[in-house]
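Chemist: Okay, sequence plus prediction incoming.
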Amino acid sequence: AQGGREILVAVAGRSAGTTVIRTFVSDADLGKGVRRAWLILALVGVGVLTVSLLVADRLARSQIRLITGIARVSHRLAAGDLTARAPGEGPEELRQVAGALNHLAERIRVLLAQEREAVADLSHQLRTPLTVLRLETDGLPEGEQAARVSAAVESMERMVTQVIKEARRARHDAPGECDAARVVAERLEHWSMLARDQDRRVSHEPAGPPLPVGIGEEALTTCVDALLENVFAHTPEGTDFGVRLSARPGGGAVLLVTDQGPGFQHPGAAVRGVSGASSTGLGLDIVRRTAEHSGGSMTLANGPAGGAHITVEFGPGPR
């Protein structure tokens, strides 16, 4: 029907025949309340969706927090903090991952401690032949040669002691501090005697003391000895070399060791265990690690006229 709908319903079962019930519903009555019903359904749907999103967000945040915590622990372990441990929280899968990471950290700590003790024990065993060598040195006639041998033995004893201390020193120990100008001058004076014997001219450009750096005196002594020993070991006799020490911008010191030798023939000379000659390839790596531990760096290069240029930056001491 026009303007609405006509509904007919047949009712059977009367003796007089079939009765038909007729009704008419206008379009206004048909649409009455529909918009409100749709609005209520829409609001209920939005509410359910909002609650679902909030619950999912809370669950996701809790999972992300746990995963981020595990990742943060792994980064701390990679940086050398073997005391870092992941909390055993969250779902079973995350607890298993945290437990595996903690087990790995503990295993690394144990193995590292065993390695340090093994190095310390091995280094301590060197004291016996060094003691014998010291006694033999004391029996030499007095003279320049005896003084050089005695100084070499003292240097070896100092290096062995340093190895033992470093092997047993924890990573979280406070960094040392010393005057780089004094240490470099002392070590250069020691090596100058051997330089004179090999007809090597030494140029030295010292910095005005004091020049504090962020490593201990023994560690810096080891670095300077390794750099100068590298010159004597990898250049022929009569090759000149130079040592220049200057202040580093922002604190610390810059040590430059140059020589007139063949320079670096191997591109990975600073890599641990790599050597272009018959040495162990550990000297420059020790220098690099010591410099980086103080907040500095080491750079290797060949000079314009040939020869090796080693630049070592040491960070400032504690403030």
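Modeler: Arrived safely.
Chemist: tell me the SS of residue 112?
Modeler: In the three-state summary, residue 112 is assigned as helix, counting by DSSP: H, G, I helix; E, B strand; the rest coil.
Chemist: what's the pLDDT at it?
Modeler: Per-residue pLDDT puts residue 112 at 80.
Chemist: residue contacts, it?
Modeler: Residues near residue 112 by CB atoms under 8 Å, 6 or more residues apart in numbering: residue 82. (Each C-beta comes from the backbone N, C-alpha and C, glycine too.)
Chemist: Okay, it and residue 106: tell me how far apart.
Modeler: In this view, residue 112 and residue 106 are 11 Å apart by CB to CB, to the nearest Å.
Chemist: intersection of neighbour lists for these two?
Modeler: With CB under 8 Å, 6+ apart as the test, residue 112 and residue 106 reach no residue in common.
Chemist: Give the other helices and strands that the longest helix seen in the chain contacts.
Modeler: Secondary structure of the chain read by DSSP state H shows that its longest helix is helix 34-78. Packing contacts for helix 34-78, counted by 3 or more CB pairs under 8 Å, 6 or more residues apart in numbering; DSSP states H and E, involve helix 92-125.
Chemist: any idea how far the helix it packs on is from the chain center?
Modeler: With CA atoms, centre = their mean, to the nearest Å as the basis, helix 92-125 stands 17 Å off its chain's centre.
Chemist: and residue 195, how many residues sit next to it?
Modeler: 19 (other CB atoms under 10 Å).
Chemist: Please look at it and residue 202 and confirm they touch.
Modeler: Yes - Residue 195 sits in contact with residue 202 when judged by CB atoms under 8 Å, with a separation of 5.2 Å.
Chemist: Need the residues touching each of the two.
Modeler: With CB under 8 Å, 6+ apart as the test, residue 195 and residue 202 both reach residue 241.
Chemist: What segments of this protein are strands?
Modeler: Shown for the chain, the strands assigned by DSSP state E span residues 4-14, 17-26, 178-179, 202-205, 212-213, 241-247, 253-259, 297-302, 308-314.
Chemist: out of the ones you listed, nearest to residue 40?
Modeler: Smallest distance to residue 40 across the strands of the chain (CB to CB): 22.4 Å, for strand 17-26.
Chemist: the inter-axis angle of that closest one versus strand 4-14?
Modeler: Counting by axes from the mean of the first three to the mean of the last three CA atoms, to 10 degrees, strand 17-26 lies at 160 degrees to strand 4-14.
Chemist: packing partners for strand 17-26?
Modeler: Here strand 17-26 touches strand 4-14, going by 3+ CB pairs under 8 Å, 6+ apart.
Chemist: Give the other helices and strands that the strand it packs on contacts.
Modeler: strand 17-26, helix 27-31.
Chemist: TSV please, covering those and showing mean neighbour count and distance to residue 225.
Modeler: Formatted as TSV, the helices and strands packed on strand 4-14 follow (neighbours: other CB atoms under 10 Å; distance: least, CB to CB, whole Å):
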stretch	mean neighbour count	distance to residue 225
strand 17-26	10	106
helix 27-31	10	98
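Chemist: Go through those and name the closest to residue 186.
Modeler: If we rank these by CB to CB, the stretch that ends up nearest is helix 27-31, at 101.7 Å.
Chemist: tell me which strands and helices the closest one is in contact with?
Modeler: Using 3+ CB pairs under 8 Å, 6+ apart: helix 27-31 touches strand 4-14.
Chemist: The strand it packs on pairs with which strands, parallel or anti?
Modeler: strand 17-26 (antiparallel) (DSSP bridges).
Chemist: what's the model's confidence in the strand it pairs with, averaged?
Modeler: On average, strand 17-26 scores 77.
Chemist: what does that strand rub up against?
Modeler: 1, 3-12.
Chemist: From those residues, pick the one nearest residue 226.
Modeler: Among these, residue 5 lies closest to residue 226 (CB to CB), at 101.3 Å.
Chemist: Now that closest one: closest residue in space, sequence neighbours ignored.
Modeler: Among residues not flanking residue 5 along the chain, residue 25 sits closest, at 5.2 Å (CB to CB, 6 or more residues apart in numbering).
Chemist: how much space between the residue lying closest to residue 224 once chain neighbours are set aside and residue 255?
Modeler: Distance criterion CB to CB, 6+ apart; nearest residue to residue 224, sequence neighbours excluded, is residue 187 at 4.3 Å. According to CB to CB, residue 187 stands 11 Å off from residue 255.
Chemist: and if you look at residue 190?
Modeler: 16 Å.
Chemist: That'll do, ta.
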